[in-house]
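1. What would the 3D arrangement of this be:
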Amino acid sequence: MRLIDLRSDTVTRPTPAMREAMANAEVGDDVFGEDPTVNHLEAAAAERVGKESALFVPSGTMANQIAIAVHTRHGDSVLASQGAHILRYEAGGAAALSGVQITTVGRRGIFDEDDVRAAVLPATNVHFAPTSLLAVENTHNASGGRIFPLGQLAAATAAAHDAGLRTHLDGARLFNAVVASGVDAKRWAAHFDTLSFCFSKGLGAPVGSVLCGSRDAIGHARRLRKRFGGGMRQAGVIAAAALHALDRHVARLADDHANARRFAEGLQNLGLPVDPWPETNIVMFGVADTMGFARAAHECGVGVIPLDPGRFRAVTHLDVSTDDIDEAIARIATMLRAQPELRPAA
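-> Residues are numbered from 1 along each chain as shown. As a prediction, the model looks like this:
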């Protein structure tokens, strides 16, 4: 049985056109700054978000961890949303690599200027870990691909800057927010000193993320990339895939969003609660038996993963069609008829 893989938007395969671009990429040694395709990608990424410079890195985690190191000193604290990727899914990198602690603010990925002001710890009190950075995740993975409202984001980052903090946007799925909201990437980016976005999620490239910011910030970041082991050599082969994705795969994210809503409607019709309703390409839904549902879904060829007890995530992407979504719903319907106890009580 063919797997309909909704575990993540990182599971996509390069398209034939992307493979051709990779095969034909002009390359050089990127650590020496001599890879023309990487240089082209970095310039294109910086221009896309209205920043002076950019740095191509292997992963979104590395981009975020470099940004934290750029903006903080050992012993500082960082403000981030509840369930933030930098806290939950980056292997303790902030503490291990930069010696900082993370304080969460808000709820379900969102906070406001009052939350920021209340959470800032002053550098003047020797008892506190001074707060030096506000990190925002948009869209917010653990909250179901939620989009941070632009006005609220602008007010929160302004409060952070007023308090002397730097700001970083974990925009791993920034272009999902762009397509769903109609707000241009430059408008989102304008509120941040640095921002990252991924090529290997919804955009469908096999590898890579980019960190964008001022020339000084990215100059510092380039040294940190080397220190963290992220210096790459003939990286133009993967940069070509990222360029192809940036040029051709942004607008089509709307298809993923439509498929997410279609999947959510199907699950809801089967008695599986969906919360929150998908704004982008992530569907969160509830079940009665986490391990039982995981086993049954695997057996019927639908790839989904539990994020919390009783709560699963499904992510639509380039390699999942509308027909695949309908087939996944049909398979889950058959599964629930055979095992109705997996469905939560009404």
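2. Not counting its neighbours along the chain, what's nearest Gly303?
-> Counting by C-beta to C-beta, 6 or more residues apart in numbering, Gly303 lies nearest to Asp5, which is 4.0 Å off, once chain neighbours are set aside. C-beta: built from backbone N, CA, C; applies to glycine.
3. Quick check: that neighbour touching Ile305?
-> No: here Asp5 lies out of contact with Ile305, judged by C-beta atoms under 8 Å, at a distance of 10.4 Å.
4. quick one, which of the two is more surrounded?
-> For Asp5 and Ile305, the more surrounded residue by other C-beta atoms under 10 Å is Asp5, and the numbers stand at 20 against 13.
5. What are the neighbouring residues in contact with the more buried one?
-> Val11, Gly303, Asp319, Val320 (C-beta atoms under 8 Å, 6 or more residues apart in numbering).
6. Same question for Met284.
-> By C-beta under 8 Å, 6+ apart, the contact list for Met284 reads Gly144, Val274, Asp275, Pro276, Pro278, Leu307, Arg311, Phe312, Arg313.
7. Next secondary structure after the host helix or strand of it?
-> Taking DSSP states H and E as the criterion, Met284 maps to strand 282-286. Downstream of strand 282-286, the next assigned helix or strand under DSSP H and E is helix 290-299.
8. ok, residues contacting that following helix?
-> Residues outside helix 290-299 that contact it (C-beta under 8 Å, 6+ apart): 287, 303-306, 309-312, 332, 335, 339, 341-342.
9. if we go to 6 Å?
-> Val287, Val304, Pro306, Pro309, Gly310, Met335, Gln339, Leu342 (C-beta atoms under 6 Å, 6 or more residues apart in numbering).
10. Which of those residues sits closest to Val178?
-> Distance to Val178 across the contacts of helix 290-299 (C-beta to C-beta) is lowest for Val304, with 25.9 Å.
11. in the helix or strand hosting Ile332, what counts as buried?
-> For Ile332, the element it lies in under DSSP H and E is helix 322-338. Buried positions in helix 322-338, judged by neighbour count with 16 or more other C-beta atoms under 10 Å: Asp324, Ile325, Glu327, Ala328, Ile329, Arg331, Ile332, Ala333, Met335, Leu336.
12. No more questions from me, cheers.
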